[in-house]
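Undergrad: test case, fold it:
(one chain, ligands or ions: 1)
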Amino acid sequence: MATSEDIQTLILTTLDTQGVIENTDSLKTADGNAIPYLAVVGVLNSLASKEMITYTTIERDQFKLTQEGNEIADSGSHEAKVFNAVNPVSGIAIAELAKLLGASAKIGQGKAFKNKWIKKDGDKLVREVESIIDQTQLDALEIRNTGTHSKPATLKDLQARKHVEKVKLISYKVAKGPKFSLKIEKQATDLTAEMLADGSWKTQTFKKYNFAGNPPEGGHLHPLMKVREEFRKIFFELGFEEMPTNKYVESSFWNFDALFQPQQHPARDAHDTFFLLDPATSNHFPDKEYVQRVKDVHSHGGYGSIGYGYDWKIEEAEKLLLRTHTTSVSSNMLYRLAQESKASGSFKPAKFFSIDRVYRNETVDATHLAEFHQVEGVIADKNLTLGDLIGFMEIFFEKMGVPNIKFKPAFNPYTEPSMEIFSWHPGLEKWVELGNSGMFRPEMLEAMGLDPDVRVIAWGLGLERPTMIKYGLDNIRELLGHKVDLDMIQSNPACRLDKKMGKELVGKDAVDA
Ligand code: PHE
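TA: A predicted model of the protein is given here:
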């Protein structure tokens with residue numbers, strides 16, 4: 001048997017001498033045998049992928065003898081068998097013929113009569129001619145040798161008699177390709193570091209990719225992003241403007257100091273906050289006067305406050321960190337709002353929101369990660385009250401499909417009063433904390449330069465918890481991080497905040513932060 005290497009060599013040398021192979025059927029191995037079709041296809045594909053050859057398919061019909069047809073070609077037609085069984089002198093008894101020839105006797109008799117080769121004589125058959133030409137056998141042999149027959153009518157007849165069947169034959173016309181050569185160059189399958197280092201990648205030929213299969217599915221939104229989209233829609237419906245949150249690294253100044261969070265506050269400890277090592281600090285600060293006002297209000301008060309009474313240090317405010325809350329962005333935006341008010345001479349009310357990632361140096365467990373997303377809203381207007389905050393929270397959470405919320409007094413360094421927001425979760429059968437809110441302190445707003453009658457209400461909530469509730473996940477690591485199951489992302493439905501999605505009613509231990 002010819003190996004595929006033999007066939008490769010045969011094709012290449014034939015092309016080299018003849019320039020083209022009109023039909024691969026003409027190829028014969030050294031011992032004169034035809035080459036199996038599949039072997040030819042394999043070699044042609046391999047050579048074509050290296051651009052050493054090109055080929056086109058030749059398709060044609062061929063006629064092939066069936067098993068019965070082959071028997072006729074080998075040992076004659078039924079009618080000839082009948083004729084031969086009839087003794088030229090004494091004939092043959094009909095019963096005897098059946099015994100001798102079996103099935104052929106019956107089929108062959110009719111034809112032999114029709115051909116006037118034999119006739120009946122009592123209960124015997126006798127010959128009517130001396131010799132016959134077995135045309136059926138000759139036809140079968142012609143088909144076997146040429147794959148067809150010179151008379152279409154005969155072909156049709158033999159097909160009807162199931163002596164012959166039509167088959168499609170595929171062969172190829174082969175020509176030289178742009179990289180034709182008698183030698184097969186070994187193609188590299190990978191680009192290696194060595195090739196890059198020694199420059200051999202420039203001359204190396206690479207095996208082409210021949211990926212087959214289904215194109216990969218893509219473009220599924222992660223559940224967190226689905227819920228984020230819903231929150232964004234609510235904010236946009238309510239006329240909010242999205243804050244630019246594209247800075248994960250922030251100075252301590254915007255994350256803490258501007259928010260009237262004292263420099264000794266435990267949250268500013270490395271146990272709670274990720275501080276940067278390189279660069280560790282930044283002195284890109286807004287105007288010096290504002291920084292001075294922040295220093296003053298922390299150190300000895302102002303705007304009706306007695307401050308914290310400690311020595312505020314710029315070095316502490318310069319420390320860079322991964323923002324621990326999106327309120328760092330809110331403080332920055334409120335400062336800008338104060339600047340714009342000053343420049344234009346009048347205050348313009350504002351509604352801002354943001355949804356983005358924050359970082360906390362926490363121990364990771366089923367409900368906590370060191371990074372998560374916050375949803376934050378800020379409304380600045382003259383003479384807002386706590387009643388406005390409560391009323392707005394009711395509208396906001398109602399739109400999220402959370403109709404009955406409760407408030408609990410809380411503490412934040414930057415808001416007074418502050419309230420935690422709770423809702424009753426029917427699946428978990430308990431009140432779960434949804435978020436935190438409050439009115440920003442005058443120590444923060446007035447130091448920025450906002451008028452004393454400008455009040456700012458604000459609230460923040462996590463994105464992960466509502467997402468886990470909506471999608472019935474009970475481990476945050478199934479939602480974020482390297483353990484996330486891609487199927488989970490593909491198979492989850494779109495989020496409907498205003499509709500129960502079924503899954504959210506399962507998993508009693510789902511969220512217990
Ligand atoms: N920054 C707060 C937190 O991280 C949320 C909050 C935002 C609270 C705005 C009050 C006002 O939990």
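Undergrad: what about residue 233, how many residues nearby?
TA: 12 (other Cβ atoms under 10 Å). From N, CA and C alone the C-beta is placed, and that goes for glycine too.
Undergrad: tell me the phi and psi of it?
TA: Per-residue torsions, residue 233: phi -60, psi -40 (degrees, to the nearest 10).
Undergrad: is it true that residue 125 touches residue 119?
TA: Yes - taking Cβ atoms under 8 Å as the definition, residue 125 is a contact partner of residue 119 at 7.3 Å.
Undergrad: between these two, which one's more packed in?
TA: residue 125 (26 against 14).
Undergrad: for that one, give me its contacts.
TA: Going by Cβ atoms under 8 Å, 6 or more residues apart in numbering, residue 125 touches 82, 86, 91, 92, 94, 97, 109, 118, 119.
Undergrad: which one of those residues has the most neighbours?
TA: Most surrounded of the contacts of residue 125: other Cβ under 10 Å gives residue 82, at 27 neighbours.
Undergrad: which residue packs closest to that residue, ignoring adjacent ones?
TA: residue 108 (3.6 Å; Cβ to Cβ, 6 or more residues apart in numbering).
Undergrad: look at the one you found and give its secondary structure.
TA: Here residue 108 is helix, with the state taken from DSSP: H, G, I helix; E, B strand; the rest coil.
Undergrad: same question for the one 3 residues further on.
TA: Each residue gets one of three states, and residue 111 gets helix by three-state DSSP.
Undergrad: how many neighbouring residues does the closest residue to it other than its chain neighbours have?
TA: Closest residue to residue 111 apart from its sequence neighbours, by Cβ to Cβ, 6+ apart: residue 79 at 3.7 Å. Neighbour count for residue 79, taken as other Cβ under 10 Å: 25.
Undergrad: pretty sure residue 79 sits against residue 101.
TA: No - with contact defined as Cβ under 8 Å, residue 79 does not reach residue 101; the gap is 10.7 Å.
Undergrad: overlap in contacts of the two?
TA: residue 108.
Undergrad: got the contact list for the residue nearest to residue 111?
TA: Per Cβ under 8 Å, 6+ apart, neighbours of residue 79: 107, 108, 109, 111, 112, 115, 117, 134, 136.
Undergrad: which two of those have the greatest separation?
TA: 109 and 134 (15.2 Å; Cβ to Cβ).
Undergrad: what's around the closest residue to the ligand within the chain, how many residues?
TA: Residue of the chain nearest the ligand, by Cβ to the nearest ligand atom: residue 460 (2.8 Å). Look at residue 460: counted by other Cβ under 10 Å, it has 21 neighbours.
Undergrad: name the element it belongs to?
TA: strand 454-462 (DSSP states H and E).
Undergrad: gap between that strand and the chain center?
TA: In terms of Cα atoms, centre = their mean, to the nearest Å, the centre of strand 454-462 is set 39 Å apart from its chain centre.
Undergrad: that one packs against which elements?
TA: helix 327-344, strand 371-382, helix 386-399, strand 415-425, strand 430-440, helix 442-448 (3 or more Cβ pairs under 8 Å, 6 or more residues apart in numbering; DSSP states H and E).
Undergrad: the helix or strand that that strand is followed by - contacts with which helices or strands?
TA: Counting by DSSP H and E, the element after strand 454-462 in chain order, helix or strand, is helix 464-471. Counting by 3+ Cβ pairs under 8 Å, 6+ apart, the packing neighbours recorded for helix 464-471 are helix 223-237, strand 430-440.
Undergrad: return the most buried member of the ones you listed.
TA: strand 430-440 (a mean of 21; mean count of other Cβ atoms under 10 Å).
Undergrad: ok, that strand: who's next to it in the sheet?
TA: Here strand 430-440 has these sheet partners by DSSP bridges: strand 415-425 (antiparallel), strand 454-462 (antiparallel).
Undergrad: what's the average pLDDT for the shortest one?
TA: Spelled out, it's strand 454-462. Average pLDDT, strand 454-462: 96.
Undergrad: up against the ligand, what does the stretch 401-513 of the chain have?
TA: Within reach of the ligand by Cβ under 6 Å from any ligand atom, the stretch 401-513 of the chain has these residues: 412, 415, 436, 437, 438, 458, 459, 460.
Undergrad: beta-bridge partners for the fourth one, please?
TA: Right, residue 437. residue 419, residue 459.
Undergrad: for it, give its distance to residue 232.
TA: Using Cβ to Cβ, to the nearest Å, residue 437 is found at 19 Å from residue 232.
Undergrad: ditto for the last one
TA: Here the criterion is Cβ to Cβ. By it, residue 460 lies 15 Å from residue 232.
Undergrad: and what of the second one?
TA: Separation of residue 415 from residue 232 (Cβ to Cβ): 24 Å.
Undergrad: isn't residue 265 up against residue 413?
TA: Yes - judged on Cβ under 8 Å, residue 265 makes contact with residue 413 at a distance of 6.4 Å.
Undergrad: those two - which one has more neighbours?
TA: Shown here are residue 265 and residue 413; by other Cβ under 10 Å, residue 413 has more neighbours (17 against 13).
Undergrad: so the more buried one sits right up against residue 262, yeah?
TA: Yes - if you go by Cβ under 8 Å, residue 413 and residue 262 touch, sitting 6.9 Å apart.
Undergrad: helices of the stretch 1-150 of the chain, start to end?
TA: Secondary structure of the stretch 1-150 of the chain (DSSP state H, counting those that start in this stretch): helices located at 4-18, 37-49, 67-75, 78-85, 94-101, 103-114, 135-146.
Undergrad: if we can go back for a sec, redo the helices and strands packed on helix 464-471 as TSV? Include mean pLDDT.
TA: Listed next are the helices and strands packed on helix 464-471 as TSV, based on pLDDT from 0 to 100:
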stretch	mean pLDDT
helix 223-237	92
strand 430-440	93
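Undergrad: can you put the helices of the stretch 1-150 of the chain in a markdown table and add distance to the ligand and mean pLDDT?
TA: Output for the helices of the stretch 1-150 of the chain, formatted as a markdown table (distance: least, Cβ to the nearest ligand atom, whole Å; pLDDT from 0 to 100):
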| stretch | distance to the ligand | mean pLDDT |
| --- | --- | --- |
| helix 4-18 | 68 | 91 |
| helix 37-49 | 58 | 90 |
| helix 67-75 | 84 | 93 |
| helix 78-85 | 97 | 93 |
| helix 94-101 | 101 | 89 |
| helix 103-114 | 94 | 89 |
| helix 135-146 | 88 | 92 |
